[in-house]
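>>> coords please:
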Amino acid sequence: AILEHCNDIFPKLGPLRFAKTQDDRVKGAFAFLGEFLPDWLLKAEKRLKMSGGVWFSGSGLSFADIIMQVHLSFIMDPEEAAFKDMNNRKSRSMILNKYPLLQANYEKVCNVPEIAQWIRNRPAFKGV
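Purely as a prediction, here's the structure:
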């Protein structure tokens, strides 16, 4: 269920990366961050709670936890192209503050040794 939930993000986030004008990007980002994202995060928080509040599978790290971490990292990345030239880095860095289970899950995934090593050593993304 959470994998399908994660799939809902890219039809909203993807077009912002390739907006024809900055005005289109700003309007889309405002709708994404103000309307779509809070509901999306709340549903993910509820799903995590139903699974025991630690891992989406309930029993340990799974692909669902990793894909959620990846999606959240995109949104919070200071250089995310969907939010280019917007003054929202600070607010995006705090999106998980109202969702303590998601925040803890995100941090747990980031601290898995192999994932933490990849995050530290991955090559810089140069775009598509």
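
>>> contacts and neighbour counts: CA atoms only from here.
Fine.

>>> so what's C110 up against?
Contacts for C110 (CA atoms under 8 Å, 6 or more residues apart in numbering) come out as 69, 116, 119.

>>> And stretch 89-99, end to end?
When the termini of stretch 89-99 are compared using CA to CA, to the nearest Å, they are 18 Å apart.

>>> What lies in contact with it?
By CA under 8 Å, 6+ apart, the surrounding residues in contact with stretch 89-99 are 41-42, 45, 75-78, 102-103.

>>> Give the buried residues for it.
Buried residues in stretch 89-99, counted by 16 or more other CA atoms under 10 Å: 89, 92, 95-96.

>>> mean confidence for that stretch?
The average pLDDT within stretch 89-99 is 94.

>>> check which helix or strand covers D24.
Take DSSP states H and E as the rule and D24 turns out to sit in helix 22-31.

>>> would a markdown table of the buried residues of stretch 89-99 with secondary structure and distance to L3 be doable?
Output for the buried residues of stretch 89-99, formatted as a markdown table (DSSP: H, G, I helix; E, B strand; the rest coil; distance: CA to CA, whole Å):
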| residue | secondary structure | distance to L3 |
| --- | --- | --- |
| R89 | helix | 26 |
| R92 | helix | 22 |
| I95 | coil | 20 |
| L96 | coil | 19 |
